[in-house]
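*Asks:* take this sequence and fold it.
(one chain, ligands or ions: 2)
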Amino acid sequence: MTAPTLSLVIPIYNEAETIPELGRRLKALLKRLKEPTEVILVNDGSHDDSLPLLVDLNRRDPRFKVVNLSRNFGHQLAITAGMDLASGEAVIVMDADLQDPPEVVTQLVRRWREGYQIVHAVRRERRGETWFKRWTAHLFYRFLQSMANVDLIADAGDFRLIDRQALEALRSLRESNRYVRGMVSWLGFRQTTVEYVREERFAGTTKYPLRKMLRFATDALISFSNVPLRFALNIGFVFAALSFLGGLLAIGLKLAGAFTIPGWVSIVVGVTFVGGVQLFILGVMGEYLGRIYEQVKARPLYIVSDLHGSFDTLLSVPRAVVTPPAGAPAPIHDRAR
Ligand code: UDP
Ligand code: MG
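*Replies:* Numbers count the residues shown, from 1 in each chain. Ligands and ions are numbered 1, 2, ... in the order given. Below is the predicted model of the structure:
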């Protein structure tokens with residue numbers, strides 16, 4: 001097989017119900033694309049029948065390749081693994097549940113051919129998602145944009161095309177808590193967007209329950225903004241000013257002779273309120289500290305337990321453990337960073 005021009009990277013976590021249809025839609029897409037294309041399916045520790053179904057796809061068609069992670073590392077690390085192992089001139093990341101219609105890929109490729117290096121697919125409309133998800137996502141993207149220190153694109157998920165040059169730059173960012181879409185925006189290069197309608201999930205339920213969504217949102221905020229830290233400083237300043245004014249007021253009242261019964265309520269309320277604020281600020285510090293700890297430990301970002309298909313870019317993947325296919329020499333892991 002000649003070196004592929006395009007690589008499609010698809011993270012998969014318990015998507016057995018969708019995989020047969022995904023395979024069909026992708027084959028139709030591959031037929032339509034003029035460029036030689038590989039499909040990198042990253043199994044993120046599924047505990048249903050996803051893996052055998054994926055391996056079967058590879059057996060029938062070697063353009064489908066499978067990266068099997070040793071456990072569930074989460075969506076962002078699954079797409080990181082896929083991008084690390086892709087060898088195309090342009091890499092396209094998309095979800096497995098067909099919410100990102102494979103047909104949009106041709107539009108992304110067209111923009112790339114026009115000379116753009118990063119093409120984001122932006123959701124013009126979302127179908128079949130709860131109003132709660134749509135509404136929180138809408139608000140969150142705007143909130144994050146106002147806080148972040150890079151230009152983030154609202155309503156863009158991880159469905160996008162990245163060319164080789166930008167991808168190599170992205171591969172050099174090995175931070176532990178990854179908000180990949182923010183990291184891509186941070187890269188710069190010639191970026192553009194393509195609009196699409198986000199379809200309903202083909203089968204199964206979301207793999208992003210509220211708990212994971214909150215964690216993801218915190219990672220995003222903390223990776224791309226120092227505003228929460230500055231918030232602690234500001235609130236401290238406000239409280240210092242307030243207590244100073246309060247002191248002045250008390251002196252004024254005393255001098256005017258209006259000072260009557262000393263109220264314990266105001267004291268208790270004041271003390272508990274300030275205590276609450278301090279705990280909150282400690283919590284904010286803790287969030288940053290925890291991430292610093294993760295980063296300093298410098299564990300591998302993900303561990304590949306096996307590969308199915310021919311991967312020719314097993315050069316060096318920093319901060320990851322990639323076991324080579326059977327018969328190949330020693331495992332490739334480079335913990336230099
Ligand atoms: N996914 C993954 N690991 C996870 C959670 C999700 O690889 O821990 C994959 C999932 O199989 C899907 C994509 O990430 O291909 C997006 O997940 P999902 O569709 O559940 O998220 P939503 O579209 O509801 O935000
Ligand atoms: Mg989905």
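*Asks:* how about the residues of the stretch 51-200 of the chain by ligand 2?
*Replies:* Taking CB under 5 Å from the ion as the contact definition, the stretch 51-200 of the chain meets ligand 2 at 95, 97, 99. Glycine gets a C-beta too; all of them are placed from N, C-alpha and C.
*Asks:* show me which positions of stretch 107-126 end up buried.
*Replies:* 108-109, 111-112, 116-123, 126 (16 or more other CB atoms under 10 Å).
*Asks:* tell me if it is near ligand 1.
*Replies:* No. Against ligand 1, stretch 107-126 shows no contacts by CB under 6 Å from any ligand atom, the least distance being 9.3 Å.
*Asks:* in PDB, list the C-alpha atoms belonging to that stretch.
*Replies:* Provided in PDB are the C-alpha atoms of stretch 107-126 (Å, rounded to 0.1, in the frame of the first residue of the first chain):
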ATOM      1  CA  GLN A 107     -15.500  19.700   2.300                       C
ATOM      2  CA  LEU A 108     -12.700  19.700   4.800                       C
ATOM      3  CA  VAL A 109     -10.300  18.300   2.200                       C
ATOM      4  CA  ARG A 110     -11.400  20.900  -0.300                       C
ATOM      5  CA  ARG A 111     -10.500  23.700   2.000                       C
ATOM      6  CA  TRP A 112      -7.100  22.000   2.700                       C
ATOM      7  CA  ARG A 113      -6.500  21.800  -1.100                       C
ATOM      8  CA  GLU A 114      -7.200  25.600  -1.200                       C
ATOM      9  CA  GLY A 115      -4.200  26.000   1.100                       C
ATOM     10  CA  TYR A 116      -5.600  26.000   4.600                       C
ATOM     11  CA  GLN A 117      -3.600  24.100   7.200                       C
ATOM     12  CA  ILE A 118      -6.300  23.600   9.800                       C
ATOM     13  CA  VAL A 119     -10.000  23.300   8.900                       C
ATOM     14  CA  HIS A 120     -12.400  23.300  11.800                       C
ATOM     15  CA  ALA A 121     -15.900  21.800  11.300                       C
ATOM     16  CA  VAL A 122     -18.300  24.200  13.200                       C
ATOM     17  CA  ARG A 123     -21.700  23.000  14.300                       C
ATOM     18  CA  ARG A 124     -24.400  25.200  12.800                       C
ATOM     19  CA  GLU A 125     -27.100  23.100  14.300                       C
ATOM     20  CA  ARG A 126     -27.200  20.100  16.700                       C
END
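*Asks:* which one of the buried residues of stretch 107-126 is nearest ligand 2?
*Replies:* Of all the buried residues of stretch 107-126, ligand 2 sits closest to residue 126, with 10.0 Å by CB to the ion.
*Asks:* and the closest one, bridged to which residues?
*Replies:* Under DSSP bridges, the beta-bridge partners of residue 126 are residue 198.
*Asks:* how about the contacts made by it?
*Replies:* Going by CB atoms under 8 Å, 6 or more residues apart in numbering, residue 126 touches 133-134, 137, 197-198.
*Asks:* could you give the average pLDDT over the strand or helix carrying residue 142?
*Replies:* Secondary structure assignment for residue 142, by DSSP states H and E: helix 131-147. Averaged across helix 131-147, pLDDT comes to 84.
*Asks:* before we move on, back to that, among the contacts of residue 126, who's most crowded?
*Replies:* Using other CB atoms under 10 Å as the neighbour test, the contacts of residue 126 are led by residue 198, with 23 neighbours.
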